[in-house]
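**Q** fold the following.
(one chain, ligands or ions: 1)
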Amino acid sequence: MLRTEGRFIMTQQFDTAPLPKATLHEHIEGTVTPELAVKLAARHGVSLPDNFIMKEGTYDKKDFPNGRYAYDESDFWAFINTYDSVADLVRTPQDYYDVAKDYLSKTAAQGGVYAEMILSPMHMAVEINPETGKSELSPKRYAAMLNSITQAAADVKKETGLETRFIATAVRNLGAENVKEVAEFVRDNPHPMVTGFGIAGNERAGKFDDFAEALDIAKKSGLKLALHAGEICGPDSIKDAVRLGASRIGHGVSAVQDPQVMKDLAEKGVMVEVCPTSNRILVNELKGDLANHPARKLYDAGIAISLNPDDAGIFGTNTGKEHRISQKEFFFKKAEMYDITLCAVEKSFADVKTRKQVKETIYQKMSAEDRKEMAQLAADAKNPVLKERLERRVVESEKVAKKMEIQKKKAQTFSAMKTNRLAALKKKAFSR
Ligand SMILES: [Zn+2]
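**A** Next up is the predicted model:
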């Protein structure tokens, strides 16, 4: 029995663990688990305060397998302090390698087939210029960090097949000038794995129009835009982000306050990157309860959504947990979860060929039963954008199923031919 809008209904529960998953919103420094923070602190000779991490036995280890930070979830500044302290532990290329490897390996183990990570040059590439004595963005430092992270992604891909891409992000509370400087820096230091540009940080700092020039620079460099909006600020911030060319909105919780914004997001195919645990902790309107989260409403309105950890390590979550929570709290059916993952891959910032390959991998995991459920969902869908998308999913999934069937038959025929030939050869040898 599950609760929805004050009523009690029967909703089918299922295990989300085996489902393929794609995440698009995760800040690299935010992935650091307490376990890893302890290792990094030891590496750099930093002593963590006594009350920084919860003691074993004082929290549910099953829910927080890699430890739990001790900050009070209702205190925003306690969270920010923890985030900053953890980010400060990630200093060298080796640190970035270990952090990326840890997060991406865990993501792959939880069914991840595609993951994007948000990298902030202001966090990872600033150093003191010995000539001027000033802190500035260093192309050399950026390249060293980026190469380490790329190596970690390549190693995880080799082991598990997980595809990864990166989004370079600016921090809006550092000011419009700095945001522009970061955009220019990213343009001047291109990297094949950096395929997107973002704006994160305190949403209340400035309006999107202040960053129009920076966003223009990023767009002209061929980068797609994923902008944090509608988390703390209202639906107007989402409207502005879309107007300035965002392909994806980070959080977008307040979209639900404006039906026109909801309609625009659905019709223009702008994705909302939903981050359930992060939103429960940081978005006041939810009052700490995911029953107040609009994810289900966004989905039913035809908006392409993805499910993301945001800061997996700091929030004590991960890709698998966010999918488990979403199924339970938003009552997503299995075929809907498949649709959400396929949406994430379609709206990802990978090249066309990679997107196509990853989508096929996901369709291959769907059973005949899943395809039947998808067809039923398509038939029942009221929103025209959602209906059209689900109908397309049915066609695409059947195409992949047929392809698999043909491949299976070919393999069977081939192995039968081989057996027959061997038998014939044996007979021939015997008759001599
Ligand atoms: Zn974020």
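**Q** how distant is stretch 317-335 from the center of its chain?
**A** Stretch 317-335 has its C-alpha centroid displaced from the chain centroid by 14 Å (C-alpha atoms, centre = their mean, to the nearest Å).
**Q** can you show me the CA trace of it as CSV?
**A** Extracted C-alpha coordinates of stretch 317-335, given in CSV (Å, rounded to 0.1, in the frame of the first residue of the first chain):
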residue,chain,number,x,y,z
THR,A,317,23.1,8.7,-1.9
ASN,A,318,24.1,7.2,-5.2
THR,A,319,22.6,6.3,-8.6
GLY,A,320,21.0,3.1,-7.4
LYS,A,321,19.5,4.7,-4.3
GLU,A,322,18.0,7.6,-6.3
HIS,A,323,16.2,5.2,-8.6
ARG,A,324,15.0,3.1,-5.7
ILE,A,325,13.7,6.2,-4.0
SER,A,326,12.0,7.6,-7.1
GLN,A,327,10.2,4.3,-7.8
LYS,A,328,8.9,4.2,-4.3
GLU,A,329,8.0,7.9,-3.8
PHE,A,330,6.8,8.8,-7.3
PHE,A,331,5.2,5.5,-8.1
PHE,A,332,7.0,5.0,-11.4
LYS,A,333,6.3,1.8,-13.2
LYS,A,334,9.1,-0.3,-14.7
ALA,A,335,8.4,0.9,-18.3
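**Q** residue contacts, Ala143?
**A** Residues counted as contacts of Ala143 (C-beta atoms under 8 Å, 6 or more residues apart in numbering) are 189, 191. Where C-beta positions appear, they are placed from N, C-alpha and C, glycine not excepted.
**Q** what of the one 4 residues further on?
**A** For Asn147, the set of contacting residues under the criterion of C-beta under 8 Å, 6+ apart consists of Pro93.
**Q** in what helix or strand does it lie?
**A** helix 139-160 (DSSP states H and E).
**Q** following that helix in sequence, what is the next regular element?
**A** Heading C-terminal from helix 139-160, the first helix or strand you meet, by DSSP H and E, is strand 163-171.
**Q** who does that following strand pair up with?
**A** strand 112-119 (parallel), strand 194-200 (parallel) (DSSP bridges).
**Q** so can I have CSV of these showing mean neighbour count?
**A** Output for the strands paired with strand 163-171, formatted as CSV (neighbours: other C-beta atoms under 10 Å):
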stretch, mean neighbour count
strand 112-119, 26
strand 194-200, 23
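**Q** as CSV, those strands with distance to Val270 would be great.
**A** Formatted as CSV, those follow (distance: least, C-beta to C-beta, whole Å):
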stretch, distance to Val270
strand 112-119, 16
strand 194-200, 14
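**Q** among those, which is nearest Ser415?
**A** Among the strands paired with strand 163-171, the nearest to Ser415 by C-beta to C-beta is strand 112-119 (28.7 Å).
**Q** quick revisit: buried ones in the helix holding Asn147?
**A** Under the neighbour-count criterion of 16 or more other C-beta atoms under 10 Å, helix 139-160 has 141-142, 145-146, 148-150, 152-153, 156 buried.
**Q** count of residues packed around the nearest residue to Ala378 once chain neighbours are set aside?
**A** Distance criterion C-beta to C-beta, 6 or more residues apart in numbering; nearest residue to Ala378, sequence neighbours excluded, is Leu390 at 3.6 Å. When counting by other C-beta atoms under 10 Å, one arrives at 22 neighbours for Leu390.
**Q** and the gap between Leu390 and Phe211?
**A** 35 Å (C-beta to C-beta, to the nearest Å).
**Q** one more: Phe331?
**A** 37 Å.
**Q** the more surrounded of these two?
**A** The neighbour comparison of Phe331 against Phe211 (other C-beta under 10 Å) goes to Phe211, with 23 against 17.
**Q** mind checking pLDDT for the more buried one?
**A** The model reports Phe211 with a pLDDT of 95.
**Q** next, it: phi, psi?
**A** Main-chain torsions, Phe211, degrees, to the nearest 10: phi -110, psi 10.
**Q** residues touching Ala335, list them.
**A** Neighbouring residues of Ala335 by C-beta under 8 Å, 6+ apart: 370-371, 373-374, 376-377, 393.
**Q** helix, strand or coil for it?
**A** What DSSP: H, G, I helix; E, B strand; the rest coil gives for Ala335 is helix.
**Q** ok, now how distant is it from Pro192?
**A** In this view, Ala335 and Pro192 are 34 Å apart by C-beta to C-beta.
**Q** coming back round to it: okay, the strands paired with strand 163-171 in JSON lines with distance to Ala295 and mean pLDDT next?
**A** Output for the strands paired with strand 163-171, formatted as JSON lines (distance: least, C-beta to C-beta, whole Å; pLDDT from 0 to 100):
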{"stretch": "strand 112-119", "distance to Ala295": "19", "mean pLDDT": "98"}
{"stretch": "strand 194-200", "distance to Ala295": "20", "mean pLDDT": "97"}
